[in-house]
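>>> show me how the following folds:
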Amino acid sequence: MSAQAETDDPVTVIKQRLAEAVPGLRIVKVSPSPLEGIYEVESNNPNLIYISSDGKYFVAGDIYKVEDGRITNLAEQRRESTRAELVNAVPESELVVFKPEGEPKAKVTVFTDVDCGYCRKLHREIARINELGIQVNYMAYPRAGVGSSSYTKMVSVWCADDRQAAMTVAKAGKVPQAKECENSVSDQYELGNKIGITGTPAIVLDDGRLIPGYVPAESLAKGLGLAAN
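Now for the predicted structure:
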């Protein structure tokens with residue numbers, strides 16, 4: 001790196017050094033961290049990178065803050081912000097949505113796989129979840145990947161005239177009527193990978209918090225601050 005580059009803006013220096021050191025790393029955003037002289041880098045890697053302003057030293061992992069007797073994961077806060085932004089940007093028209101009667105009291109996004117046992121268990125409670133005022137927005141996450149049997153079933157669900165009915169059929173262990181169309185199943189799968197989804201069901205709250213695994217309807221409502229009806 002030239003001497004001139006050493007005097008450039010820290011963001012530029014950091015991008016140059018990482019590009020040289022880690023070929024293939026796609027940098028999404030570089031911004032100052034709460035630590036003086038340290039920047040945080042969002043990339044195509046789900047883990048945040050914390051790096052010095054001169055780009056010479058970096059840590060891949062989480063940074064915690066201790067304040068008023070509490071420990072806060074600063075990296076997870078950043079992930080939550082990014083997760084919320086990306087998930088909430090997906091239009092409802094691309095999802096399989098189960099709405100409660102009247103105005104929803106809360107909304108959750110659930111990355112799901114129709115062949116996942118705990119996803120099926122969660123879906124068996126969908127009526128109760130809706131009854132509690134919670135809207136469920138399903139996103140596709142076929143764990144076996146694009147082109148798998150689960151992926152094909154989910155394409156059929158997303159292409160069905162009645163997505164909700166097709167989802168319920170698939171979650172009952174049956175094969176939905178085969179259909180193909182322009183769909184976002186693979187895009188949603190890639191989005192899940194990008195925001196750190198590793199299994200299903202994975203529940204994402206509006207603020208970007210991630211709840212991995214099955215949660216009973218009553219517990220979900222309680223966690224959202226809703227009183228059981």
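>>> all strands for the protein, in order.
27-32, 38-43, 49-52, 58-60, 64-67, 70-73, 96-98, 106-112, 134-140, 202-205, 210-212 (DSSP state E).
>>> same list (these) but as JSON lines, adding distance to residue 171, mean neighbour count and mean pLDDT.
Quick note: C-beta positions are derived from backbone N, CA and C, even for glycine. Output for the strands of the chain, formatted as JSON lines (distance: least, Cβ to Cβ, whole Å; neighbours: other Cβ atoms under 10 Å; pLDDT from 0 to 100):
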{"stretch": "strand 27-32", "distance to residue 171": "34", "mean neighbour count": "14", "mean pLDDT": "89"}
{"stretch": "strand 38-43", "distance to residue 171": "34", "mean neighbour count": "19", "mean pLDDT": "89"}
{"stretch": "strand 49-52", "distance to residue 171": "38", "mean neighbour count": "20", "mean pLDDT": "91"}
{"stretch": "strand 58-60", "distance to residue 171": "37", "mean neighbour count": "14", "mean pLDDT": "86"}
{"stretch": "strand 64-67", "distance to residue 171": "38", "mean neighbour count": "9", "mean pLDDT": "86"}
{"stretch": "strand 70-73", "distance to residue 171": "33", "mean neighbour count": "10", "mean pLDDT": "86"}
{"stretch": "strand 96-98", "distance to residue 171": "10", "mean neighbour count": "19", "mean pLDDT": "98"}
{"stretch": "strand 106-112", "distance to residue 171": "8", "mean neighbour count": "23", "mean pLDDT": "97"}
{"stretch": "strand 134-140", "distance to residue 171": "10", "mean neighbour count": "23", "mean pLDDT": "98"}
{"stretch": "strand 202-205", "distance to residue 171": "16", "mean neighbour count": "22", "mean pLDDT": "96"}
{"stretch": "strand 210-212", "distance to residue 171": "19", "mean neighbour count": "16", "mean pLDDT": "93"}
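>>> need those strands in a markdown table (columns: distance to residue 223).
Listed next are these as a markdown table, based on distance: least, Cβ to Cβ, whole Å:
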| stretch | distance to residue 223 |
| --- | --- |
| strand 27-32 | 30 |
| strand 38-43 | 27 |
| strand 49-52 | 30 |
| strand 58-60 | 30 |
| strand 64-67 | 23 |
| strand 70-73 | 18 |
| strand 96-98 | 18 |
| strand 106-112 | 10 |
| strand 134-140 | 10 |
| strand 202-205 | 8 |
| strand 210-212 | 7 |
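>>> and those: which comes nearest residue 182?
strand 134-140 (14.0 Å; Cβ to Cβ).
>>> what residues does that closest one touch?
By Cβ atoms under 8 Å, 6 or more residues apart in numbering, the surrounding residues in contact with strand 134-140 are 87, 90, 92, 95-100, 104-113, 126, 129-130, 154, 157-158, 167, 184-185, 188-189, 191-192, 220-221, 224, 226.
>>> sweet, I'm off.
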